[in-house]
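In: Here's my sequence, what's the structure:
(2 chains)
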Protein chains: 2
Amino acid sequence: MTTSPDTLIVQEVAPRDGLQIEPTWVPTTEKIKLINALSHMGFSRIEAGSFVSPKAIPALRDGDEVFKAITRHPDIIYVALIPNLKGALRALDAQADELNLVLSASQTHNLANMRMTKDKSFLGFAEISTQMKELVKLNGTVATTFGCPFEGKIDPNEVMRLVENYLALGIQNITLADTTGMANPVQVKNIVRQVLTLITPEQLTLHFHNTRGLGLCNVLAAYEIGARRFDSAIGGLGGCPFAPGASGNICTEDLVNMCQEIGIPTTIDLEQVIQLSRKLPALLGHDTPSQLAKAGPNHHLHSPPDYIKTLV
Amino acid sequence: MTTSPDTLIVQEVAPRDGLQIEPTWVPTTEKIKLINALSHMGFSRIEAGSFVSPKAIPALRDGDEVFKAITRHPDIIYVALIPNLKGALRALDAQADELNLVLSASQTHNLANMRMTKDKSFLGFAEISTQMKELVKLNGTVATTFGCPFEGKIDPNEVMRLVENYLALGIQNITLADTTGMANPVQVKNIVRQVLTLITPEQLTLHFHNTRGLGLCNVLAAYEIGARRFDSAIGGLGGCPFAPGASGNICTEDLVNMCQEIGIPTTIDLEQVIQLSRKLPALLGHDTPSQLAKAGPNHHLHSPPDYIKTLV
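Out: Residues are numbered from 1 along each chain as shown, chains lettered A, B, ... in the order given. Okay, the predicted model is just below:
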């Protein structure tokens, strides 16, 4: 996986952010097969599960088993999403390579999603950092950075404050997440430009959803001003409980296809991702928002109809 | 409908490019109702039908009746898509305000779609222009400008040659169409920049499909270098026979929402478009690719769950 400063680094999140809202139970063995297949496609990170309350997210209640059973590729960081110390201890036990700590920029969203205030989230993160920063990689996510379905607009100063809080706890890698797909390219440039005064592009991940169709526009906007690391989900899996039927995460194969078409290097094997994506409807029992899985890449040409031979 | 030089002009094409591939027959009265409803939402043009062989496109075989029965808004140009002189005569009889002449940059696609060579298409267009340019507005479309599903890449010099051919026939308004969604933002900037050396932004329309998820990225790219007129379809209707299930035209409400979020002025009433779009699944018997119809605009906030009151 050779990279250059121009390389767009793709981090696969379908096993976590994709599967967490699926109404159909995906068996543990299928989750493991999915992650093992993804492990040979060029991703730098795979978010493989979460350690949250099994009551809150029953779809991912088998995180321990999944992390213990996957076949790890030595170049890939296997990430677990963590809301609190209890989850961090479980993830550490399951040998996650990285803990992705999450809180929301919106107080209302943090209360709804994490059932605690932002201050309380940070108290837990401080404890996790103190106990574990020598044992495991830590990443800090600011959810609802670009908008909250309850509160609406989010003050960029609050996002900056939360990033600074993470840094003060010794958590050096940061994800800005557009949790419910409310970001737009102008806003993305403004916020990413500000956050890149605090951390380097290597420390920053952008996590976009395509809920309102702007996911790839937001990637281009962020990339243009220096961001390089992006989360995406094969098949465009995931979603938002407040927008049933709307697209979820930006779709890995659509993202990689865009990069290839415009000459942005990635390390991803697009053909393999498309082939795997095309198996998702059978696994999940429904179609996915992937465009490439349906249309194929541009260079997959079609045969013209036979009647044209009679016309020339 | 006041506009400024920054205004992005939206031209609605669902009644033509949207409905033409629908397998379910949309009754003439429903087509008329759809166009009449669209006529009060701020569009500058509505592509209301086509006059092609009813065998080729049975879904639009009632173009004559539709054009004669719609209630016309005085500010809107009602457009008919035309492949040849026969269709032009029918459209003129039905009192279309503008004839949108179409040929493909790809010879193979023109043979497959129009059943004649590009030269033969232009012979017909020359006849149409001579007979009708004083009677009706004329627009010339270059389909497959950004790629052909049979031939692959298209030489931009060929696109320039075809635009010059239209201009030589006295056809001053040009549409560059990404018929099967193969365009990318870098390519769009290159080609639009070249074409804008021949015509003004007022004469140029971009017609993008979202087949590979790049429709709105392409709009932003074209807008950035001066293009102002864009086709789109309510509900993102339309599609490509070579990519079943893939998105069709860029979605009007997703386009207008993007413009509103980033401060590009339009003349479109977004709320009305969303309300109309939400009626399409009942009319067509299937879901549409519209993101806004599902998710709603950002400012439609949701109520947080009651339990958060007990947490603070």
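In: Now the residue nearest the centre of chain A: which helix or strand?
Out: With distances taken as Cα atoms, centre = their mean, A:Asp231 lies nearest the centre of chain A, 3.6 Å away. A:Asp231 is part of strand A:229-232, with elements assigned from DSSP states H and E.
In: for A:Gly238, same thing?
Out: Secondary structure (DSSP H and E) places A:Gly238 outside all helices and strands.
In: contacting residues for it?
Out: A:13-14, A:17-18, A:20-21, A:209, A:248-249 (Cβ atoms under 8 Å, 6 or more residues apart in numbering or on different chains). For every residue, glycine as well, the C-beta is placed using N, CA and C.
In: how much space between it and A:Pro83?
Out: Counting by Cβ to Cβ, to the nearest Å, the gap from A:Gly238 to A:Pro83 is 17 Å.
In: And for A:Thr71?
Out: For A:Thr71 relative to A:Pro83 (Cβ to Cβ), the value is 27 Å.
In: So those two - more neighbours on which side?
Out: A:Pro83 (24 against 9; other Cβ atoms under 10 Å in any protein chain shown).
In: Quick check: that one touching A:Val102?
Out: Yes. Assessed by Cβ atoms under 8 Å, A:Pro83 is found in contact with A:Val102 at 6.2 Å.
In: residues shared between the contacts of those two?
Out: By Cβ under 8 Å, 6+ apart, the residues touching both A:Pro83 and A:Val102 are A:Met114.
In: what's in contact with stretch A:302-312?
Out: B:108-109, B:111-112, B:115-117, B:149-150, B:242.
In: quick one: average pLDDT of it?
Out: For stretch A:302-312, the mean per-residue pLDDT is 90.
In: Between the two ends of that stretch, how far is it?
Out: The separation between the terminal residues of stretch A:302-312, taken as Cα to Cα, to the nearest Å, is 19 Å.
In: If you count neighbours, what's buried in the longest helix along chain A?
Out: Determined from DSSP state H, the single longest helix within chain A is helix A:118-132. Going by neighbour count (16 or more other Cβ atoms under 10 Å in any protein chain shown), the buried part of helix A:118-132 is A:118, A:120-122, A:124-126, A:128-129, A:132.
In: need the helices for chain A, in chain order.
Out: Using DSSP H, helices in chain A cover A:28-38, A:63-69, A:85-93, A:107-114, A:118-132, A:156-168, A:185-195, A:215-224, A:252-262, A:270-277, A:280-284, A:292-295.
In: Format the ones you listed as JSON lines; extra columns: mean pLDDT.
Out: Shown next, in JSON lines, are the helices of chain A (pLDDT from 0 to 100):
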{"stretch": "helix A:28-38", "mean pLDDT": "98"}
{"stretch": "helix A:63-69", "mean pLDDT": "97"}
{"stretch": "helix A:85-93", "mean pLDDT": "97"}
{"stretch": "helix A:107-114", "mean pLDDT": "95"}
{"stretch": "helix A:118-132", "mean pLDDT": "98"}
{"stretch": "helix A:156-168", "mean pLDDT": "98"}
{"stretch": "helix A:185-195", "mean pLDDT": "98"}
{"stretch": "helix A:215-224", "mean pLDDT": "98"}
{"stretch": "helix A:252-262", "mean pLDDT": "98"}
{"stretch": "helix A:270-277", "mean pLDDT": "98"}
{"stretch": "helix A:280-284", "mean pLDDT": "96"}
{"stretch": "helix A:292-295", "mean pLDDT": "95"}
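In: Adding distance to A:Ser303, write these out as a markdown table.
Out: Below are the helices of chain A laid out as a markdown table (distance: least, Cβ to Cβ, whole Å):
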| stretch | distance to A:Ser303 |
| --- | --- |
| helix A:28-38 | 30 |
| helix A:63-69 | 43 |
| helix A:85-93 | 51 |
| helix A:107-114 | 50 |
| helix A:118-132 | 56 |
| helix A:156-168 | 51 |
| helix A:185-195 | 38 |
| helix A:215-224 | 29 |
| helix A:252-262 | 22 |
| helix A:270-277 | 20 |
| helix A:280-284 | 25 |
| helix A:292-295 | 16 |
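In: Of all those, which one comes closest to B:Ala183?
Out: Minimum separation from B:Ala183 across those (Cβ to Cβ) falls at helix A:252-262, 8.7 Å.
In: could you check the angle helix A:28-38 makes with the closest one?
Out: Relative orientation of helix A:252-262 versus helix A:28-38 (axes from the mean of the first three to the mean of the last three Cα atoms, to 10 degrees): 10 degrees.
In: which other helices and strands contact helix A:252-262?
Out: In this structure, helix A:252-262 packs against strand A:9-12, helix A:215-224, strand A:229-232, helix A:270-277, helix A:292-295, helix B:185-195, with contacts taken as 3 or more Cβ pairs under 8 Å, 6 or more residues apart in numbering or on different chains; DSSP states H and E.
In: Show me what from the stretch 101-250 of chain A comes close to chain B.
Out: A:108-109, A:111-112, A:115-117, A:147, A:149-152, A:181-182, A:184-187, A:210-214, A:216-217, A:220, A:240, A:242-247 (Cβ under 8 Å from any Cβ of the partner chain).
In: Show me which of those are buried.
Out: Here, 16+ other Cβ under 10 Å leaves A:108-109, A:111-112, A:115-117, A:147, A:149-151, A:181-182, A:184-185, A:187, A:210-214, A:216-217, A:220, A:240, A:242-243, A:246-247 buried among those.
In: any idea how far A:Asp155 is from B:Asn157?
Out: A:Asp155 is 50 Å from B:Asn157, by Cβ to Cβ.
In: same check, this time on A:Leu196
Out: On the measure of Cβ to Cβ, A:Leu196 and B:Asn157 end up 40 Å apart.
In: which one of these two has more residues nearby?
Out: Set A:Leu196 next to B:Asn157 and count neighbours by other Cβ under 10 Å: A:Leu196 wins out with 16 against 9.
In: and A:Thr211, what is it in contact with?
Out: A:180-182, A:239-240, A:243, A:246-248, B:291, B:295.
In: show me what contacts the residue nearest to A:Ile250 when sequence neighbours are not counted?
Out: Distances taken as Cβ to Cβ, 6 or more residues apart in numbering or on different chains put A:Gly215 closest to A:Ile250, at 3.7 Å, once the chain neighbours are dropped. Neighbouring residues of A:Gly215 by Cβ under 8 Å, 6+ apart: A:181, A:208-209, A:247, A:249-251.
In: Can you turn the buried part of these into a ChimeraX selection?
Out: The following ChimeraX line selects those of these that are buried, judged by 16+ other Cβ under 10 Å:
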select /A:181,208,209,247,249,250,251
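In: Farthest-apart pair in the contacts of A:Gly215, please.
Out: A:Gly181 and A:Cys251 (12.6 Å).
In: Need the residues touching each of these two.
Out: Joint contacts of A:Gly181 and A:Cys251 (Cβ under 8 Å, 6+ apart) are A:210, A:215.
In: Just give the closest residue to the residue nearest to the centre of chain A, not the sequence neighbours.
Out: Using Cβ to Cβ, 6+ apart, the closest residue to A:Asp231 is A:His207 (4.1 Å).
In: ok, now A:Gly18?
Out: Nearest residue to A:Gly18, sequence neighbours excluded (Cβ to Cβ, 6+ apart): A:Leu237, at 2.9 Å.
In: and if you look at A:Ile21?
Out: Excluding the flanking residues, the one nearest A:Ile21 by Cβ to Cβ, 6+ apart is A:Gly239, at 5.3 Å.
In: where does that neighbour land on pLDDT?
Out: 83.
In: what do you get for A:Gly147?
Out: 97.
In: wait, isn't it in contact with A:Met182?
Out: Yes. If you go by Cβ under 8 Å, A:Gly147 and A:Met182 touch, sitting 2.9 Å apart.
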